[in-house]
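Asks: quick one, fold the following:
(chains A and B)
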2 protein chains.
Amino acid sequence: MPLDLVSGSVALTQQLCDMESVSGDEAAIADAIVEALAGLPHLEVIRNGDAVVARTSLGREKRVVIAGHIDTVPINNNLPTRLEDGVLWGRGTVDMKAGVAVQLVLAAELDEPDVDLTWIWYDNEEVDSARNGLGRLARESPELLLGDFAILGEPTSAAIEGGCNGTARIEVRTHGIRAHSARAWVGHNAIHDLAPVLAILADYTPQDIEVDGLVYKEGLNAVAISGGVAGNVIPDAASVVINFRFAPSRSGAEAIAHLEQVFAGFEVAVTDLAEGARPGLDAALAKGFVAAVGGEAKPKYGWTDVARFSALGIPAVNYGPGDPIRAHADDERVDVAEIEACERGLRAWLGSGSI
Amino acid sequence: MPLDLVSGSVALTQQLCDMESVSGDEAAIADAIVEALAGLPHLEVIRNGDAVVARTSLGREKRVVIAGHIDTVPINNNLPTRLEDGVLWGRGTVDMKAGVAVQLVLAAELDEPDVDLTWIWYDNEEVDSARNGLGRLARESPELLLGDFAILGEPTSAAIEGGCNGTARIEVRTHGIRAHSARAWVGHNAIHDLAPVLAILADYTPQDIEVDGLVYKEGLNAVAISGGVAGNVIPDAASVVINFRFAPSRSGAEAIAHLEQVFAGFEVAVTDLAEGARPGLDAALAKGFVAAVGGEAKPKYGWTDVARFSALGIPAVNYGPGDPIRAHADDERVDVAEIEACERGLRAWLGSGSI
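Replies: Okay, the predicted model is just below:
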């Protein structure tokens, strides 16, 4: 059944959710999107794998990119959707087919937007970063992502959350000498050598850092610790894995330099690094968006794909229906009012004549 | 082939080792021991499972108990034995069929010892303490273990090692609140709460404690640490397993009380406790034994079955051929000279007329 882009974003959310598209299995939904948009004269539609790009070329001064992923985490007896008392239940309702539905309705409707628009719906967001469809587009066709401002439709309870913190993971390792624990003095205990590492973590005061008017809360936390050979052996190796969530004012390299300073004298291995994204809310376009949507912009603490736009120098925010705490939950559900609020907010801005 | 008790303890060690008897599979070697001793008029032979007790009843004033285990850890391409340049190679040569061979030769030979003798060869020493044959005898027939002094033939490189340290294991556990690591402030990190526990361990100065003239070195060590849920989750639980090796002057209860004091304020669970054994080298019998064997008695740091005698109020020492560092090793091997030294040492004392 073709996608119905004229009955509103709530009905379309329901239709999109009931069309299962767990990561890696997005071909059918991508086909349906291409089919629904192909006949619209104001849009050029481009397919890349199971990602779909649709864009206007109206010669506007500015271009805004609006993106959302079309995959979901696995179904767990939470489809088909059901609508009850203003709440739509089911897999994908929050993360993030409601956001995609709002985007599709407006992509079809807004044939004379104030700015040129690039809509991107992409695959494989919920799996390994290497498979991410937006990342693939950024590598293979970066020109498709270009614009003056980007909006990612990830769930924010219909509020604007600017940029995102970066995230780094390091492993601090200690080395000792194995020995029988009845003769500990001939060995050296690697677990004991982690004492100052944990002391640093326990004493560390994370910073609140203002970036472009939003305050980002950083965090430095052990997320795993391990060591030990047997109950009667002095352990010769131990390690702690540490996750640093850092404000987007720090580059990835600066974040790692900070960690190397904090853990100076210890063996530190970097195992993961993703840059943050500045909110860019000081840009004129962003200010207009915040004003049109209403409310107050907040910082985004978790890492999202806005960082991929930020890496291309494009300020980006998160804005979508649904409480992120419900994402991936078996009882995933979205307030219909939030879907409608986002549809109104985006329409008000893009079609306002004031951009 | 019957055991040859007259060609000396080196040949008998070889014969015993080549008769595989991994823990749980000691029936054949126990049968052979019973058969070899059954015809000797000075010995009463008693079988309990795969343990064999042989004892004199000559009406002597004192009784000495001499014991050794007949099982080994699994074979690993290290049988049959081979004798090269005064070294006997193979599984069990150190732990502890050389000791058993010395004992069997002397049990048969010494029909008029200065003291009454109880020889004990037992099963399942290398596995769970609950299966230990000496422990089973102590529970089922404690009267068979009674005596004024006990010698355990565990490898000590033919030196006398008195008593043994006790050993306790505790787990110190911390509890936090799980949260996304991008929002650490809504959670509580259980791994960070281990910081003071590791600081205590790193700062702890173990004591050297003199007991009956021997100095026992204690030790307090983390032997395992764990915690962590996922790379982006604040962990809600962490724990460290700690092994305390304590001097035999402390009872098990006193050792635990010490640990509870050291880790006051933390959740502590006792997971393992084995009392130590006082060396009892101040007893007259022990002094005579040390004088007859020569050299200087040392403390035993590792826990051994001497503690089972100590628990019955019987002073006990370890004395046997073989370097304990070679026990369980694939290249297990014993110097023939140590086997002969132990045979000489025990014979000199038991048959000296001076006890």
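
Asks: so where do the helices sit in chain A?
Replies: In chain A, the segments counted as helices under DSSP state H are A:9-18, A:27-37, A:98-109, A:133-140, A:195-203, A:252-262, A:284-293, A:306-311, A:336-350.

Asks: point out the most buried one among those.
Replies: helix A:98-109 (a mean of 26; mean count of other C-beta atoms under 10 Å in any protein chain shown). To be clear about C-beta, it is placed using only N, CA and C from the backbone, and glycine gets the same treatment.

Asks: what's the angle between that one and helix A:27-37?
Replies: Relative orientation of helix A:98-109 versus helix A:27-37 (axes from the mean of the first three to the mean of the last three C-alpha atoms, to 10 degrees): 30 degrees.

Asks: for the stretch 251-355 of chain A, which residue gets nearest to chain B?
Replies: Using C-beta to the nearest C-beta, the closest approach of the stretch 251-355 of chain A to chain B is made by A:Gly302 at 4.0 Å.

Asks: format the helices of chain A as JSON lines; extra columns: mean pLDDT and distance to chain B.
Replies: JSON lines is the format used below for the helices of chain A (pLDDT from 0 to 100; distance: least, C-beta to the nearest C-beta, whole Å):
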{"stretch": "helix A:9-18", "mean pLDDT": "98", "distance to chain B": "24"}
{"stretch": "helix A:27-37", "mean pLDDT": "98", "distance to chain B": "27"}
{"stretch": "helix A:98-109", "mean pLDDT": "98", "distance to chain B": "19"}
{"stretch": "helix A:133-140", "mean pLDDT": "96", "distance to chain B": "18"}
{"stretch": "helix A:195-203", "mean pLDDT": "98", "distance to chain B": "4"}
{"stretch": "helix A:252-262", "mean pLDDT": "98", "distance to chain B": "14"}
{"stretch": "helix A:284-293", "mean pLDDT": "89", "distance to chain B": "22"}
{"stretch": "helix A:306-311", "mean pLDDT": "91", "distance to chain B": "13"}
{"stretch": "helix A:336-350", "mean pLDDT": "95", "distance to chain B": "20"}
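
Asks: excluding chain neighbours, what is closest to A:Val105?
Replies: In this structure, A:Val105 finds its nearest non-sequential neighbour in A:Ser9, 4.7 Å apart by C-beta to C-beta, 6 or more residues apart in numbering or on different chains.

Asks: run a quick check on that neighbour versus A:Glu343, I expect a contact.
Replies: Yes. With contact defined as C-beta atoms under 8 Å, A:Ser9 reaches A:Glu343; the gap is 4.7 Å.

Asks: please enumerate the shared neighbours of the two.
Replies: Residues touching both A:Ser9 and A:Glu343 (C-beta atoms under 8 Å, 6 or more residues apart in numbering or on different chains): A:Val102, A:Val105.

Asks: contacting residues for the residue nearest the centre of chain A?
Replies: When C-alpha atoms, centre = their mean is applied to chain A, the residue found nearest the centroid is A:Thr304 (1.9 Å). Residues in contact with A:Thr304 (C-beta under 8 Å, 6+ apart) are A:Leu152, A:Glu154, A:Cys164, A:Ala277, A:Asn318.

Asks: about what we covered before: and B:Val240, which of the helices of chain A is closest to it?
Replies: Among the helices of chain A, helix A:195-203 comes nearest to B:Val240, with 10.3 Å by C-beta to C-beta.

Asks: any idea how far that closest one is from the chain center?
Replies: 30 Å (C-alpha atoms, centre = their mean, to the nearest Å).

Asks: chain neighbours aside, what residue packs nearest to A:Arg82?
Replies: Nearest-residue entry for A:Arg82: A:Trp89, 5.2 Å, with adjacent residues in sequence omitted and distances by C-beta to C-beta, 6+ apart.

Asks: could you check the distance from that neighbour over to A:Asn77?
Replies: As judged by C-beta to C-beta, to the nearest Å, A:Trp89 and A:Asn77 stand 11 Å apart.

Asks: what about these two, which has more around it?
Replies: The neighbour comparison of A:Trp89 against A:Asn77 (other C-beta atoms under 10 Å in any protein chain shown) goes to A:Trp89, with 18 against 6.

Asks: shouldn't that one be in contact with A:Leu79?
Replies: No. In this structure, A:Trp89 is not within contact of A:Leu79 by C-beta under 8 Å, at 9.5 Å.

Asks: how about the contacts made by the residue nearest to A:Met1 when sequence neighbours are not counted?
Replies: In space, and not counting its chain neighbours, A:Met1 is closest to A:Gln15: 7.7 Å by C-beta to C-beta, 6+ apart. Contact analysis of A:Gln15 by C-beta under 8 Å, 6+ apart lists A:Met1, A:Leu3, A:Asp4, A:Ala101.

Asks: so what's the second one closest to, chain neighbours aside?
Replies: In this case it means A:Leu3. Residue nearest to A:Leu3 in three dimensions, not counting chain neighbours: A:Ala36, with 4.1 Å by C-beta to C-beta, 6+ apart.

Asks: doesn't A:Ala108 make contact with that neighbour?
Replies: Yes. Counting by C-beta under 8 Å, A:Ala36 touches A:Ala108, with 7.3 Å between them.

Asks: quick check: neighbours shared by those two?
Replies: Both A:Ala36 and A:Ala108 are contacted by A:Leu5, under the criterion C-beta under 8 Å, 6+ apart.

Asks: follow-up on the earlier one: counting neighbours, which of the contacts of A:Gln15 comes out on top?
Replies: Within those, neighbour counts (other C-beta under 10 Å) peak at A:Ala101, which reaches 29 neighbours.
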